[in-house]
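**Student:** pasting the sequence and the predicted coordinates here, then a few questions.
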Amino acid sequence: EAVDHGDVSQTLSALRSPDVGLYGVTPECAETYQRELAEAKKKKMAADNRLNDMREWRAGARELNDAYLKITQTRCFACCLLTLFWFPFCNLYCGFLLPHWIQSTISGVTAAYNREQLWLANESLITKLQACCRGYLVRQEFNARLSFLKKQVPAITCIQVMKVPHLCMTSFASLLHVLGYIQSMTRMYQARKRYRNRLQYFKDHINDVIKIQAFIRANKARDDYKTLISAENPPMVVLRKFVHLLDQSDQDFQEELDLMKLREEVVTLIRSNQQLENDLNLMDIKIGLLVKNKITLQDVVSHSKKLTKKNKEQLSDMMMLNKQKGGLKALSKEKREKLEAYQHLFYLLQTNPTYLAKLIFQMPQNKSTKFMDSVIFTLYNYASNQREEYLLLRLFQTALKEEIKSKVDQIHEIVTGNPTVIKMVVSFNRGARGQNALRQILAPVVKEIMDDKSLNIKTDPVDIYKSWVNQMESQTGEASKLPYDVTPEQALSHEEVRTRLDTSIRNMRTVTDKFLAAIVSSVDKIPYGMRFIAKVLKDSLHEKFPDAGEDELLKIVGNLLYYRYMNPAIVAPDAFDIIDLSAGGQLTTDQRRNLGSIAKMLQHAASNKMFMGDNAHLSIINEYLSQSHQKFRRFFQAACEVPELQDKFNIDEYSDLVTLTKPVIYISIGEIINTHTLLLDHQDAIAPEHNDPIHELLDDLGEVPTIESLIGEGTGSINDPNKEMLAKTEVSLTLTNKFDVPGGENAEMDARTILTKRLIVDVIRFQPGETLTEIIETSATSEQEAEHQRAMQRRAIRDAKTPDKMKKSISVKEDSNLSLQEKKEKIKTGLKKLTELGIADPMNKYQELINDIAKDIRNQRRYRQRRKAELVKLQQTYSALNSKATFYEEQVDYYKSYIKTCLDNLPREMKGKNSKKISLKYTAARLHEKGVLLEIEDLQANQFKNVIFEINPTEEVGDFEVKAKFMGVQMETFMLHYQDLLQLQYEGVAVMKLFNRAKVNVNLLIFLLNKKFYGK
């Protein structure tokens, strides 16, 4: 019943019940008991269904017999009877399990459990035992097999000999296929393994791989670009790689538009400022006329209270003479034009260095030196500001190039000769501007040498020998037995002389090292002008003498920087203000000799010149000189590495237009006349072109004026001793430019060439080929046509956004709509016309156009850089011009206010004691008597009494109404402006007309108005 319910605990309790009498029941096997008993019962129930079968009766009989035997062994009679009579019926009809079956199941399960626990307890031992057993069995089998094979070796060999060929022949085909498959799989595995290992290696070093790839691509691109810029005929393959650089981006279009607008605005502002400047100049003249006229009137009134016929001519002459006083600066039209002409001339000479550079070499050297020292440095105000320094260095640069080009035939002439420009450059930079640099570089070491009283450098063996003999005689008081006059070889034969010479050499090396260290570490202290001219010298010599080596060029640079610039300051520091000496102080002989020896050593090191010949005793320091020369060489190279003038000073053609103050020079009358004379004498040499601006300026000046005419003094004698003093009279010239600012050089190629090149660029971008001819003759594929079409569509979209001012021409737009093949046909037509013009040559496959496109690519980046720089500079210029325009407008307003105030403040003397407005009435006869009226057309002098003039001041200061009656006929009112009268006086106009009939003297009319309306 417990088994039927499947209750494990109930079944276990039943099995352990004492009434049942079962033994060996283990609680841990409860579930196993349940499962086994349920299985046994299931089998018993299946057996009950076969009771009708006789074989079941026989089986039952056997079971009964077995049961009986077991019972009899128990020797229990009751059990025997019970079993004998009850078993058949229970077994066949009841389906119950017999006790011994239950006990058998329990025993089996318990025994299995116990056996399992035993194995688990001895698992390691059993494992070792099994291993030993298996090993023994395997070895035994192997030994038996090996023994068998050894015994059967002859038979085996015979079988193999007979069988192997047969097997090989029968299975070769199948084996070959299998082997091939195995080999392919093996190779595939090995290849895959290598690939994966390589791939993993790349992944592990991905950063290095990227750098290497970038380096390789950069090198390849660099090599291609180098080919593009350096090859005489760049190949088409290289050109195609860089043709995309010709594309214009949105930024390019925007920058071009900004540049275009800014240029227009700058030009407009320049014109506006020029007009404002002219207005200011006119204002200056008017104010000067007012002031001058007032002074003149005061002088005239003090000498003549009443104007008569006797003094009227004297009065007019006094006023004209007063205009002439001041000479070049006089307020007259003639003098003003002369002054402006000189200001224009010296502005052109200052800003265009070509004229002076050529003029220098047209004169003898003695005159050119004097001319440079007097005129040139004066013209540039001794580089007192950045503008003048920039212009002076431009002159030095141009003149040096001209001198090397025309005067130097051998490269060594720069060193052995005395080049004019080099001398001028050194003289200028050793002056006030460069003196401080030399002092900073050399003063500390020079002072150290001078303060060392024990230092005594002598490198002449004879001097050392004589000094030694004198010392011995001084110490002993006896005449030396050694000869006094010896040769260097005889002097060096004495040990003491050699010892002293070695000591001097060591000391000289020590102090020379200090000088050398001070010099080579002072690159930044050397004036920019010296370094720039050194660079120009090196580049110009290399251009004229391309075969000259770097060492030779650097030696010449060293001759400039050290020998000509620094060496004199070391030898004579007192003469170049390197050191400060007390009043009356001077260098001792030993100090000068020490500095001279050091300078000699440095000069040999700078020029890499060794000691030999007469100085062979100093050959021991030749190695030191070679080492020092390398230091000098690096110093000279570093000194030549300076920026260009434009980058250093940031000056261009707009700089003078944005400065509030114009450049002013102070020059003597003699220098002006001297320069004028030289220019006239050599104008064909310095300006061979007839349309050169300097010819126009010299024509404006005319003949060379005299000193007296420029000063304003009376004509004196040729041998007048005061004439030389008068020539030294200085005047200030405010330099101005007569000519417009030169515009940008927009050099455009022929339209046909540009169009053909543009079409070629469009074609070669999409169709490869070795030459232009090959590309044109080869038909484009559909893929190339499609790619070209997409690119043209993108271009059309971009062009649609382009501002109107920068849009391309209609023909260019139409060309963009053509296919590749149509463009090729158009290229062929263009090439044919260019060939007829001699621009292209089909014999070399139109390589000229390819070279031209390569040049465009090279210049594209430079153009973009220049455009950015120009944009920045124009923005600065625009801002400065705005500031200047504001300044001019304020000045104009101030001048207008000043003039009005001057006119208002002129004292008005009222005629009579009443306060009525003054009104002047004169007959023509009275005015004629005063000299104011000269004549009246168609009227005799005896009829002047019938003509009346009336002058009335208006409410506007400086304006007068003039009314007249001619023979009783009233004329129209004539408006007379005081400023107009002053302007006529300035321009030298002595006579003017009133009412188109009456001629009056301008000067006397002004005098009359001043006396009656503004006088005291």
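**Tutor:** Here it is on my side, so go on.
**Student:** what ranges do the helices span in the stretch 151-300 of the chain?
**Tutor:** 153-204, 206-230, 236-242, 250-303 (DSSP state H, counting those that start in this stretch).
**Student:** what about those helices, which gets the closest to L849?
**Tutor:** For the helices of the stretch 151-300 of the chain, the distance to L849 is smallest for helix 236-242, at 10.6 Å, taking CB to CB. Heads up, the C-betas are built off the backbone N, CA and C, glycines and all.
**Student:** which secondary structure elements does that closest one contact?
**Tutor:** helix 206-230, helix 751-764, helix 847-905 (3 or more CB pairs under 8 Å, 6 or more residues apart in numbering; DSSP states H and E).
**Student:** what's the angle from the shortest one to helix 847-905?
**Tutor:** Regarding helix 751-764 and helix 847-905, their directions subtend 130 degrees when assessed with axes from the mean of the first three to the mean of the last three CA atoms, to 10 degrees.
**Student:** which secondary structure elements does the helix or strand following helix 751-764 contact?
**Tutor:** The helix or strand immediately downstream of helix 751-764 is helix 772-777, counting by DSSP states H and E. When contacts are defined as 3+ CB pairs under 8 Å, 6+ apart, helix 772-777 packs onto helix 751-764, helix 820-837, helix 847-905.
**Student:** list the contacts of the first one.
**Tutor:** Applying CB atoms under 8 Å, 6 or more residues apart in numbering, the external contacts of helix 751-764 come out as 236, 239-240, 243, 246, 748, 772, 775-776, 788, 811-812, 815, 820, 823-824, 826-827, 830-831, 833-834, 837, 839, 849, 852-853, 856.
**Student:** check which residues of that helix are buried.
**Tutor:** T753, L755, T756, K757, R758, L759, I760, V761, D762, V763, I764 (16 or more other CB atoms under 10 Å).
**Student:** now swap in the second one and tell me
**Tutor:** Buried residues in helix 820-837, defined by neighbour count with 16+ other CB under 10 Å: L820, K823, K824, K826, I827, G830, L831, L834.
**Student:** and the residues you listed, which is closest to I526?
**Tutor:** Nearest to I526 among these, with distances taken as CB to CB, is L834, at 53.2 Å.
**Student:** domains of the chain?
**Tutor:** Split into domains by the TED database, the chain comes to 434-454+488-647, 920-1014.
**Student:** can you tell me which of those the model trusts least?
**Tutor:** With a mean of 81, domain 920-1014 has the lowest mean pLDDT of those.
**Student:** now the strands: where do they sit in the chain?
**Tutor:** 664-668, 730-734, 920-923, 933-936, 947-953, 959-966, 969-970, 974-977, 991-994, 998-1001 (DSSP state E).
**Student:** export the domains of the chain as a markdown table, with columns for distance to S184.
**Tutor:** Compiled in a markdown table, those are given as follows (distance: least, CB to CB, whole Å):
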| stretch | distance to S184 |
| --- | --- |
| domain 434-454+488-647 | 64 |
| domain 920-1014 | 111 |
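**Student:** for I669, find the nearest of those domains.
**Tutor:** domain 920-1014 (22.9 Å).
**Student:** ok, I707 - how many residues close by?
**Tutor:** When neighbours are counted by other CB atoms under 10 Å, I707 registers 22.
**Student:** which residues sit in contact with it?
**Tutor:** I669, G670, I673, K723, L726, A727.
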